[in-house]
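Engineer: Return atomic coordinates for the entry below.
(chains A, B, C and D)
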There are 4 protein chains.
Amino acid sequence: MGAAEREAGTPRIVLGPNQYGKAEVRLVRVTRGTARHSLEDLSVTSQLHGDFDAAHTEGNNAHMVATDTQKNTIYAFARDGVGSPEAFLLRLAAHFTGSFDWVTGGRWTAEQYFWNRINGHDHAFSKDKSEVRTAVLLADGARRHLVAGISGLTVLKTTGSEFHGFPRDRYTTLAETTDRILATDVTAKWRYADVDVPDFNAAYVSVRSALLNAFADTHSLALQQSMFQMGRAVLETHPEIAEVRLSLPNNHHFLVDLEPFGLDNPGEVFFAADRPYGLIEAAVLREGTAESDPVWNAVGGFC
Amino acid sequence: MGAAEREAGTPRIVLGPNQYGKAEVRLVRVTRGTARHSLEDLSVTSQLHGDFDAAHTEGNNAHMVATDTQKNTIYAFARDGVGSPEAFLLRLAAHFTGSFDWVTGGRWTAEQYFWNRINGHDHAFSKDKSEVRTAVLLADGARRHLVAGISGLTVLKTTGSEFHGFPRDRYTTLAETTDRILATDVTAKWRYADVDVPDFNAAYVSVRSALLNAFADTHSLALQQSMFQMGRAVLETHPEIAEVRLSLPNNHHFLVDLEPFGLDNPGEVFFAADRPYGLIEAAVLREGTAESDPVWNAVGGFC
Amino acid sequence: MGAAEREAGTPRIVLGPNQYGKAEVRLVRVTRGTARHSLEDLSVTSQLHGDFDAAHTEGNNAHMVATDTQKNTIYAFARDGVGSPEAFLLRLAAHFTGSFDWVTGGRWTAEQYFWNRINGHDHAFSKDKSEVRTAVLLADGARRHLVAGISGLTVLKTTGSEFHGFPRDRYTTLAETTDRILATDVTAKWRYADVDVPDFNAAYVSVRSALLNAFADTHSLALQQSMFQMGRAVLETHPEIAEVRLSLPNNHHFLVDLEPFGLDNPGEVFFAADRPYGLIEAAVLREGTAESDPVWNAVGGFC
Amino acid sequence: MGAAEREAGTPRIVLGPNQYGKAEVRLVRVTRGTARHSLEDLSVTSQLHGDFDAAHTEGNNAHMVATDTQKNTIYAFARDGVGSPEAFLLRLAAHFTGSFDWVTGGRWTAEQYFWNRINGHDHAFSKDKSEVRTAVLLADGARRHLVAGISGLTVLKTTGSEFHGFPRDRYTTLAETTDRILATDVTAKWRYADVDVPDFNAAYVSVRSALLNAFADTHSLALQQSMFQMGRAVLETHPEIAEVRLSLPNNHHFLVDLEPFGLDNPGEVFFAADRPYGLIEAAVLREGTAESDPVWNAVGGFC
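Structural biologist: Numbers count the residues shown, from 1 in each chain, chains lettered A, B, ... in the order given. As a prediction, this is how the structure comes out:
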């Protein structure tokens, strides 16, 4: 079938924004120049933007760089090393936008998984599953939008968290509290003002530390307050970052009522609930930063 | 601590877009007016937009409608019935934006799970896990953006799918094929032009059917072609829908090479791979439709 | 390093029971003799039992039929069709125990996934995710123990379930009820008395139906009672089955207290909880059946 | 309905082994005697064994200690502290078998999750998700069978692993190798000879270390060889442990063929596959240890 048909009196049905590629290419890169090996472990996704209309409307694949080819390219490029997720994605973007006239941009993402040496061993490692490092690169012609991130970093404070002073309406039953457990899984994404960052790996370590310390050190009157302090701590220590977005579930820990059993419970025995959970999300940014940067659309919602 | 500080010579750090609420409120609503019961099973998320700055910058909760209150409201509203996910979210939005001056909008979402009667039984059901129905409502003042959807609908064609004619570069090794398995997990979202839809449940059933039939009946030269036909089929039969977005993994089924074992394999024995997978995404819309509708940002990326 | 060393005064450390193989071989088998194709979709695991001591104690692989070879064999055998998971596993067992002197038995398992035709289409299908069919075959020399099963079949009754008359101790706070929602995910395994079953597929359909109808039709005073009736229904209609084991979570649905909001709740609005959940497990068997059949050890616990 | 009916000429259908209780009770225990808090995070399951026939056959709940009561008991007992998963389960078993005449035993299990202090903070923690500690206690009258374990500990060696010398049959295509990546997720369970272990927490740390070091230090000719050394290392350093069972997937990392792109690949670029995977399982025990201990049936298969 050819292009979309026009029906009398109604607008034509047309192709809108589109992208395609290969997702979750699992890449493990060993660096073994010396007896002391090192290890990079990533899941890489490549999606191209450009003129792919004929494939959609006619099944004409003349412009369709195969997703298998995109996968092969990822592995071939890894032969020269990875370095950092951000640097690797920038190399992929340069290749694809530079190699095919009709590829005008794209969206490349990576997750990185961490491994620790077992007792300092030269070539034996154990996986550190406590967090995942993320990166999203959006290329639009020559422009590059780069968002780095962390996900799945679960943190908890056993005290130093209050919640009171909220409005009470017909549907409010929650009691106020001056001492509760505060727990969340940190998903943070930070947008670099430009892509000329000297050391993405060092930046990641430093941002992670800023997030953790701000969570730990903020006496919290609301999870929103902790969140804002976490974002601010990142921006204050990282001038190269323009904006931070955080998505924080409030992982409720309910104090168990032990009175029916003749026991008190002075903040010691808790039920950790699964669902529902609070969900608190915000951007923290430098005044004057454009809020509508299209990169966030491509990144997907808040985080 | 008070508002964000100004540092000499650098822009202030400020709060950007933000939202908060209760996520994944698991609601089961039984309608039992007669001996023949019916069942609605949902997971509802409520997030508010508005002036919550003081909570972020000062820990002042005077504007913080508790997420627990949002949960209670969901259950209380369910007392009057659910009807459809879309209608239920519209009621929630009207309540929250109408009850608190500083709540200017919000984002409400639902998943609905389906149940079938066991042999037509009056009150015994088995869960149909083959798909999940979704809905996202974005309220911005008096405006309403409504996106309905389906996710996790896995489909497969054993023939009637080709892939050839794609460009070959240094990194291309994929063979052309005129007969392959085509398989995907359909995630589709459709945006209603406005919220005055007479029967959301009937629309869902009809859209689902259009998607399935277009997938089945399209002789596919590319997954993109099947995808475009699926979107077009929805728009052609649903004038109330302005735009469809689809996100389709290409779930690769590789023909197993049985030659080393002295066997042929005429399209009969396949290895179903997990990762990597193709990922094909597009919007299909009526010509002239604004592509930049902010609802897609709130919905999150393509799907 | 050689065999395990003997230390003075302490028993030698030795190898105990062991097995190895390839797990979760994803096999899709298309039957395309006519234009009307059919589809079999399985995940197959093969593990061998026998004399593999030297591999463990010395790294000598002379007996180690490679797990890759086991995978290849699964795909090669699929060239002649699958038929049923049980029949396919029996063929694999015959091959491996018949081909290698030192292979004395093994454990083969399969999961089967179901697909429905899209509107009766010749070669387009949608996946039915509502349940998974399972099979475990344990071979010990010439003996065969065969356990078929179903998992993930979620069922719910909106009424016809009571729970009262339970003992009350210091830690009991639960109220009695004469009307509650009863919901569970059925995992059932049934052991065939021998492997000469004429039609495993027909047996599966019939057992599934017996389980569903017994759940639906039993007025339940305890989930244990429903479970026993489900097992009994299978045995009463299937003389070829010696024993049924069921593992049933009690998926709690808590009536929401709407009184604080001035509303009643006559069994209509429920919170579906995730964790904790009840877990109810039992075997139902014909009197005189040996309870200690080793197959259950290999199958793993109750289900 | 009463007891199971006898049909002429066929054996009665009767209840076999059974157990029931509450699963995955999520317990977080804070110890806050000083400003320096500590944290224990567990998921506890309690299942009772005994005379529950009437509930199954008649719906008579006079013996059914409610699963809700079992949950309450877990929380109440946590008021006095947890200490270790093993010690906590022993207390639960003593209570339930001592409180109800008809409860003759049971099966209690726990998972424990680990948290690290954030920079040595007094009350702020981040979750260490790299492994889960497990415990299973089987009580049968006065007897106690105790199995501790670890799961989800993912390890990898970039070299020091070979695989060759395996038999080649019609279905063998695998190439021999003298240098490959070896990667696995360690699930280990160790059975204590008796329950009088002075410090379960210290034992856990020591066993974990023995497993990691044996994996790292064994030059591996087969994953079976690494596994046996891991089990032996535990037994050699822990006389209180009678038997170790290990279940180790072989997480395949395939060297990517870069030759089509004009590149070599000297052990540097790998594809980390999901499925299928090898699955290697064994018991390692002291000579003379009974292999048929019923605890393994209750624990479930190999691990």
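
Engineer: In chain A, which residue sits furthest out from the middle?
Structural biologist: Distance from the C-alpha centroid of chain A peaks at A:Gly262, with 46.6 Å (CA atoms, centre = their mean).

Engineer: Let me know the distance separating that residue from C:Arg286.
Structural biologist: 48 Å (CB to CB, to the nearest Å). Yep, even glycine has a C-beta here, placed from its N, CA and C like the rest.

Engineer: Likewise for A:Gly278?
Structural biologist: For A:Gly278, the distance to C:Arg286 (CB to CB) stands at 53 Å.

Engineer: try A:Asp80
Structural biologist: Plainly put, A:Asp80 is 67 Å away from C:Arg286 if you go by CB to CB.

Engineer: now do A:Gln70
Structural biologist: In this view, A:Gln70 and C:Arg286 are 59 Å apart by CB to CB.

Engineer: more neighbours, A:Asp80 and C:Arg286?
Structural biologist: The neighbour comparison of A:Asp80 against C:Arg286 (other CB atoms under 10 Å in any protein chain shown) goes to C:Arg286, with 17 against 13.

Engineer: Now do the same contact list for the nearest residue to the more buried one once chain neighbours are set aside.
Structural biologist: Nearest residue to C:Arg286, sequence neighbours excluded (CB to CB, 6 or more residues apart in numbering or on different chains): D:Pro11, at 4.2 Å. By CB atoms under 8 Å, 6 or more residues apart in numbering or on different chains, D:Pro11 lies in contact with C:Arg286, C:Glu287, C:Gly288, C:Thr289.

Engineer: pLDDT score for D:Pro11?
Structural biologist: If you check D:Pro11, the pLDDT there is 89.

Engineer: State whether A:Ala242 and A:Val197 are indeed in contact, as I suppose.
Structural biologist: No. The criterion here is CB atoms under 8 Å, and A:Ala242 misses it with A:Val197 at 11.8 Å.

Engineer: Phi first, then psi, for the residue in chain A that chain C sits nearest to.
Structural biologist: Across chain A, no residue is closer to chain C than A:Asp274, which sits at 4.1 Å (CB to the nearest CB). A:Asp274 has phi and psi values of phi -90, psi -60 when expressed as degrees, to the nearest 10.

Engineer: what's near enough to touch it?
Structural biologist: A:Asp274 makes contacts with C:Asp274, C:Arg275, D:Arg26, as judged by CB under 8 Å, 6+ apart.

Engineer: Assign the last one to helix, strand or coil.
Structural biologist: Per DSSP: H, G, I helix; E, B strand; the rest coil, the secondary structure class of D:Arg26 is strand.

Engineer: how deep is it tucked in, by neighbour count?
Structural biologist: Using other CB under 10 Å, D:Arg26 has 20 neighbouring residues.

Engineer: for the second one, same thing?
Structural biologist: C:Arg275 is flanked by 17 other residues according to other CB under 10 Å.

Engineer: following the helix or strand harbouring A:Ile74, which helix or strand shows up next?
Structural biologist: Secondary structure assigned from DSSP states H and E places A:Ile74 in helix A:67-78. Proceeding N to C from helix A:67-78, the next assigned helix or strand is helix A:85-99, under DSSP H and E.

Engineer: Does chain D have contacts with that following helix?
Structural biologist: No. Helix A:85-99 does not reach chain D (CB under 8 Å from any CB of the partner chain); its nearest approach is 12.4 Å.

Engineer: if I pick the residue farthest from the centre of chain A, what's in contact with it?
Structural biologist: C:Arg170.

Engineer: Relative to D:Arg79, how far out is it?
Structural biologist: Applying CB to CB, the value for A:Gly262 to D:Arg79 is 10 Å.

Engineer: per-residue pLDDT, A:Ala8?
Structural biologist: 52.

Engineer: is it possible to export the contacts of A:Asp274 to CSV including pLDDT?
Structural biologist: CSV is the format used below for the contacts of A:Asp274 (pLDDT from 0 to 100):
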residue, pLDDT
C:Asp274, 98
C:Arg275, 98
D:Arg26, 98
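
Engineer: ok, of these, which one's closest to A:Leu138?
Structural biologist: A:Leu138 lies nearest to C:Asp274 out of the contacts of A:Asp274, by CB to CB, at 35.9 Å.

Engineer: and the gap between the residue nearest the centre of chain A and D:Tyr113?
Structural biologist: Closest to where the C-alpha atoms of chain A average out (CA atoms, centre = their mean) is A:Gly149, at 4.3 Å. As judged by CB to CB, A:Gly149 and D:Tyr113 stand 24 Å apart.

Engineer: same question, A:Ala148
Structural biologist: 27 Å.

Engineer: out of these two, which sits in the busier spot?
Structural biologist: Shown here are A:Ala148 and D:Tyr113; by other CB under 10 Å, A:Ala148 has more neighbours (24 against 19).

Engineer: mind checking the SS state of the more buried one?
Structural biologist: Under the three-state scheme (three-state DSSP), A:Ala148 adopts strand.

Engineer: Count the residues that sit near A:Asp199.
Structural biologist: Count around A:Asp199 with other CB under 10 Å applied: 12.
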